[in-house]
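[1] here is a sequence together with a model predicted from it:
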Amino acid sequence: MRIAIAGMHIESSAYAAHRAGYRDFSVLSGSAVLSRYDFLDPAAEWIGILHARSIPGGKVLREVYDDFKQRILDGLRNAGPIDGLYFDIHGAMSVDGMDDAEGDLITAIRAVIGPDVLVSAPMDLHGNVSERFARAVELPTCYRLAPHEDAGETRERAARNLVAYLASGKRPHRAWVRVPILLPGEKTSTRVEPARSLYGSLSAVEARAGVTDASIWIGYAWADEPRCHATVIVTGDSPEVVAASASELARRLWSARASFDFVGPPGTLDEAISRALASSTRPYLISDSGDNPGAGGSGDVTWVLHRLLASSDRFAGHVVYVASIFDEAAVEVLFGHRVGDAVSVTAGARVDSRVSGPVQITGVLHGLHHGDPDAGRIAVIKVGGLHVIVTEFRKAYHRTGDFSAIGLDPAAADIIITKIGYLEPTLYDIATGWTLALTPGPVDQDLERLGHHRINRPMFPFDVFPATPDLTATMLS
């Protein structure tokens, strides 16, 4: 059996001023694509086409999307006859001037490969799954953990299911349910209830005779398209069982809707700082959640940094890491100095100035670093107890290794303030205290403050439902 691998992987906030261009994507083509996967079944011939992956951000520039799309289509035409497509995507990509980018991409792919090729798609549970997309993909599946510690397992499951169906000669039945819920990931983490039990129940559903896969997409709340909603899809050999199981999971999700709450203790920035300074243990973590690059934030919103610098005397005697602001021009200036020099530089809000303007950072140059594949050159400026990280390009400081790589020992910090939502595993493991600061920005946790106007209403939590919506499964095959 011959199986092609292709995809574009990015999560895009409609509210970010950032636009994803070529530099944002890591691109593999041809046989190099296969290096991403260590689980490919040798019983199949795997054909790398193109895979482009970016950290989350704003919408993709249309010309960049069109180029990658064309390269995928050309690669598939040149690959010869194939039996299957492994479509490795995120599910929440937005493109300038377009709705349902993944739906557009798979529709164009179908025009090349035809209707008989089986398509399997491993996805993020924060994807937005349109009916158009679901009808074009026979074997979609998504993560069952948030944070996504099962990403590799999900990708392997998608490949295994595809090979199994190709070997059997059968085609799966699949049932799709649109659930009118739109919630941020920080309220739907599987570390806490009700998501923990809801996603934990999927393995039991999957074990039913006639079921191959059961998946719940909680959706991506910071896009603003008609496809933004939660989705349930169940696939398998029995149409009756997959339809009943999909409706059952949709009802469970709907019944739990009011129970979803923040995964960590929320608070204002000032409340977070007060808690951190009062903590008797270290390090204390503060999430600057409104500009989290890991969820689509622009990465250069200065709202938090303005406030930290304005009250820097509060941090006297403390070691505080602040990650981060990107500004190529500011880094160029800083690299004209030596470590230990007194410096003053304007930084941030070059891309996203809607919340607050550029900030003046005046202090001592603490460190200069280069070679980071994402951040490029990096400077650290010490302002009293604050260690402010300024990068050349966008970077999410979501792991302890991101700090230690530039000489900042996370264990030595009293407070770590970083642009993140829920804490990724290594930061979660070291945190002795934590506040999810409800800060403004492109991925604001206050969805009503953002002003969605293109989603299909009614939608929880924006609207009151006088009765339970129709959660009957639609059979797609």
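    Yep, that arrived.
[2] how much space between the closest residue to Ala379 other than its chain neighbours and Ile416?
    Nearest non-adjacent residue to Ala379, counting by C-beta to C-beta, 6 or more residues apart in numbering: Leu334, 4.0 Å away. No exception for glycine: its C-beta is placed from N, CA and C like everyone else's. The gap separating Leu334 from Ile416 is 21 Å, by C-beta to C-beta, to the nearest Å.
[3] again with Asp83
    Per C-beta to C-beta, Asp83 is found 49 Å from Ile416.
[4] which of Leu334 and Ile416 has more neighbours?
    A count of neighbours by other C-beta atoms under 10 Å puts Ile416 above the other of Leu334 and Ile416, at 29 against 23.
[5] quick one: that one is in a strand?
    Yes: according to DSSP: H, G, I helix; E, B strand; the rest coil, Ile416 belongs to a strand.
[6] where does it land on pLDDT?
    For Ile416, the model assigns a pLDDT of 98.
[7] does it touch Leu285 like I think?
    Yes: using C-beta atoms under 8 Å, Ile416 makes contact with Leu285 at a distance of 5.3 Å.
[8] mind listing the shared neighbours of those two?
    Leu427 (C-beta atoms under 8 Å, 6 or more residues apart in numbering).
[9] check contacts around the residue nearest to Ala379.
    Under the criterion of C-beta under 8 Å, 6+ apart, the neighbours of Leu334 are Val343, Val345, Leu365, Leu368, Ala379, Ile381, Val390.
[10] mind listing what the last one touches?
    When the contact criterion is C-beta under 8 Å, 6+ apart, the partners of Val390 are 324-327, 330-331, 334, 345, 347, 361, 378-381.
[11] domain parsing for the protein?
    Per automatic domain parsing, the domain ranges recorded for the chain read 2-261, 266-444.
[12] okay, those in TSV with distance to Gly451 next?
    Output for the domains of the chain, formatted as TSV (distance: least, C-beta to C-beta, whole Å):
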stretch	distance to Gly451
domain 2-261	8
domain 266-444	10
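[13] nearest to Ser477, out of the ones you listed?
    Across these, the minimum distance to Ser477, taken as C-beta to C-beta, is reached by domain 2-261, at 5.4 Å.
[14] which stretches of the stretch 51-200 of the chain form helices?
    Remark: helices assigned in the stretch 51-200 of the chain by DSSP state H, counting those that start in this stretch are 62-78, 101-113, 131-136, 151-168, 195-200.
[15] could you dump the ones you listed to JSON lines with mean neighbour count and distance to Glu271?
    JSON lines is the format used below for the helices of the stretch 51-200 of the chain (neighbours: other C-beta atoms under 10 Å; distance: least, C-beta to C-beta, whole Å):
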{"stretch": "helix 62-78", "mean neighbour count": "16", "distance to Glu271": "40"}
{"stretch": "helix 101-113", "mean neighbour count": "20", "distance to Glu271": "38"}
{"stretch": "helix 131-136", "mean neighbour count": "20", "distance to Glu271": "41"}
{"stretch": "helix 151-168", "mean neighbour count": "18", "distance to Glu271": "33"}
{"stretch": "helix 195-200", "mean neighbour count": "18", "distance to Glu271": "25"}
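[16] turn those into TSV, including distance to Ile89.
    Below are these laid out as TSV (distance: least, C-beta to C-beta, whole Å):
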stretch	distance to Ile89
helix 62-78	11
helix 101-113	6
helix 131-136	9
helix 151-168	11
helix 195-200	20
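[17] of those, give the one that comes closest to Gly21.
    helix 62-78 (5.6 Å).
[18] which strands or helices does that closest one pack on?
    With contacts taken as 3 or more C-beta pairs under 8 Å, 6 or more residues apart in numbering; DSSP states H and E, helix 62-78 sits against strand 2-9, strand 25-29, strand 45-54, helix 101-113.
[19] out of these, nearest to Asp66?
    Closest approach to Asp66 among these (C-beta to C-beta): helix 101-113, 10.3 Å.
[20] avg pLDDT for the closest one?
    Helix 101-113 comes out with an average pLDDT of 98.
[21] what does stretch 153-171 rub up against?
    Contacts for stretch 153-171 (C-beta under 8 Å, 6+ apart): 1, 3, 37, 39-41, 43-44, 83-84, 86, 88, 118, 120-123, 138-139, 141-144, 172, 212-213, 235, 237, 477.
[22] can you get me a residue count around the spatially closest residue to Leu85 that is not a sequence neighbour?
    Leaving aside its chain neighbours, Leu85 sits nearest to Val119 (4.6 Å; criterion: C-beta to C-beta, 6+ apart). Burial of Val119, expressed as a neighbour count using other C-beta under 10 Å, amounts to 19.
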